[in-house]
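> no sequence on this one, just coordinates:
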Ligand SMILES: O=P(O)(O)OC[C@H]1O[C@](O)(CO)[C@@H](O)[C@@H]1O
């Protein structure tokens, strides 16, 4: 079935044309109940989607598009372990990691529930040993610091969650993250650590990622003076991977290898043993609460009617903007210091999932697919890129995310923060018209010439849509629900756009080329390279050789 041939698709194309000439101000003026009708109260937060460029006709057609795209059937397939990651021949079962879906599901002859529960117990045992000071390094001192070596999905989720839940820390073990193969990051991290009390967790689904393995080897060298290699690996290393044989081949003992499975995508893996750093930082019960929050969102996604289904509506809105309205980007703007890594996390989650142009039938998509996701802490962004959001010709729909409860005890701060969040979405929506600007300038006593000279620069056309997610309190449960909300939103987008959201073939090409180019930075024939790359390498070699010569003579 070609989604572009459905009735709702064609209707939405026509409606998008009309909606370009509709202002959010009018939509609110015409419907006093709009905010109530276009918002959802869930156990952990309120989702207000009323500031979106939709009316009832668009809404009805978006829901119809979801039906015509068969979202409900795909959703059932997701939760029941049908191999919907077709290009990799795998089911997609991150929901099973939080106990959602069918209880008797099995994969490759193994009960999924039993495998998940067993691994969770192992994590719990390990975390308890760490917290009790029973895990010691090779000189007998208890482990005080854990360094997670991992990148992408093996880094962003755990670090984002730990940063978000700083107030829930317990256990007294410090957790650090090194993701970059740029040795500067590892060197900086190690500079503050004692090798005798440091444990490295090598987190890699494939256990073949160059960046991570390079960092792991350097970490091992850093420990070198303490003991022999086997002892170091036994006492100072653990692994989290879906390729346990490779971790053991590296030298990490089987009882320190925590596993997850092929059916968990890297960017959806924070719920698996990849969440070990989270459990270390906030305790196993905190990690459990995170999983429970996500499970609550799974139930909502499975059970809520389409018109009250938060992830479904967010997915539809994203498709509406990117595909029909022609807005190619989407901003994530948390007004909560704790969520400072959420934009980076969602960049991977959404762009690695839906940044694709081949449809499920193998054809080139004839429409825009997933948007460019970007953003940072909203309050800082106000003093940086919000000028663009307010007055550039481009329209960037945004998600504002804040919490009612402050994550600190300092009086006066939170109200300023929240007022700014509300003011920004209001300003983006309403803008300020020429008449309003003129009236304001006249009131300030400017003469006619001054008014007409200045007015055009002060006009905000407004009509820039946004969602607001107002969380009651950012605790592990609420954060789990928030992450799962976005996961399911991404899934809905992919289903409607008819793309496979759970593979990532696009990242492979560059990896292969990097491996081939690496030795050429030293020497070798460059004639097969394109002229630009060859010139860059020649320059690199020349400067490096010159620097080396200068160092020798100096
Ligand atoms: O966990 P791994 O196998 O080291 O992969 C890390 C990341 O690299 C990617 O494959 C992209 O390069 C991501 O999908 C993944 O999260």
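Here it is on my side, so go on. Bear in mind the structure is a predicted one, so any value in this text is a computation, not a measurement.
> now the strands for the stretch 51-200 of the chain?
106-107, 110-111, 145-149, 174-178, 198-203 (DSSP state E, counting those that start in this stretch).
> The ligand: which of the ones you listed is closest?
Checking the strands of the stretch 51-200 of the chain against the ligand by Cβ to the nearest ligand atom gives strand 198-203 as the closest, at 6.6 Å. Placement of C-beta: from N, CA and C, glycine included.
> mind listing what's buried in that closest one?
Buried residues in strand 198-203, counted by 16 or more other Cβ atoms under 10 Å: 198, 199, 200, 201, 202, 203.
> Quick check: the third one vs residue 447, distance?
Same thing as residue 200. 70 Å (Cβ to Cβ, to the nearest Å).
> The helix-or-strand element of the chain with minimal mean pLDDT pairs with which strands?
None of the helices or strands of the chain scores lower by mean pLDDT, DSSP states H and E than strand 106-107, at a mean of 87. Sheet pairing for strand 106-107, assigned by DSSP bridges, gives strand 110-111 (antiparallel).
> how about the strands of the stretch 51-200 of the chain in a markdown table, adding distance to residue 456?
Converted to a markdown table, those look like this (distance: least, Cβ to Cβ, whole Å):
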| stretch | distance to residue 456 |
| --- | --- |
| strand 106-107 | 62 |
| strand 110-111 | 67 |
| strand 145-149 | 52 |
| strand 174-178 | 48 |
| strand 198-203 | 53 |
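> okay, now whichever residue of the stretch 351-500 of the chain sits closest to the ligand: neighbour count?
Residue nearest to the ligand within the stretch 351-500 of the chain (Cβ to the nearest ligand atom): residue 352, separated by 5.8 Å. For residue 352, the count of nearby residues is 22 (other Cβ atoms under 10 Å).
> what distance separates stretch 128-148 from the centre of its chain?
Computed by Cα atoms, centre = their mean, to the nearest Å, the chain-centroid distance of stretch 128-148 equals 30 Å.
> That stretch near the ligand at all?
No. Figure legend: stretch 128-148 not in contact with the ligand (Cβ under 6 Å from any ligand atom); closest approach 11.4 Å.
> and that stretch, which residues are buried?
Buried-residue list, stretch 128-148, by 16+ other Cβ under 10 Å: 130-131, 135-138, 142-148.
> all helices of the stretch 101-250 of the chain, in order?
According to DSSP state H, counting those that start in this stretch, the stretch 101-250 of the chain carries its helices in the segments 112-131, 156-164, 183-191, 210-223, 229-236, 244-250.
> Make TSV from the buried residues of stretch 128-148 and add pLDDT to it.
As requested, the buried residues of stretch 128-148 are exported to TSV (pLDDT from 0 to 100):
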residue	pLDDT
130	98
131	98
135	98
136	98
137	98
138	97
142	98
143	98
144	98
145	98
146	98
147	98
148	99
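> So which of those is the closest to residue 521?
Distance to residue 521 across the buried residues of stretch 128-148 (Cβ to Cβ) is lowest for residue 147, with 27.5 Å.
> Now do the same contact list for the spatially closest residue to that closest one that is not a sequence neighbour.
Nearest residue to residue 147, sequence neighbours excluded (Cβ to Cβ, 6 or more residues apart in numbering): residue 176, at 4.6 Å. By Cβ atoms under 8 Å, 6 or more residues apart in numbering, the residues touching residue 176 are 145, 146, 147, 148, 189, 193.
> Spit out the contact partners of the fifth one.
Think residue 189. For residue 189, the contact set (Cβ under 8 Å, 6+ apart) comprises 147, 176, 178.
> Out of those, flag the one nearest to residue 539.
Closest approach between the contacts of residue 189 and residue 539, by Cβ to Cβ: residue 178, at 29.2 Å.
> Surely the closest one is in contact with residue 151?
No. Counting by Cβ atoms under 8 Å, residue 178 stays clear of residue 151, with 9.0 Å between them.
> Which one's more surrounded, the two?
residue 178 (26 against 20).
> contacting residues for residue 422?
Neighbouring residues of residue 422 by Cβ under 8 Å, 6+ apart: residue 468.
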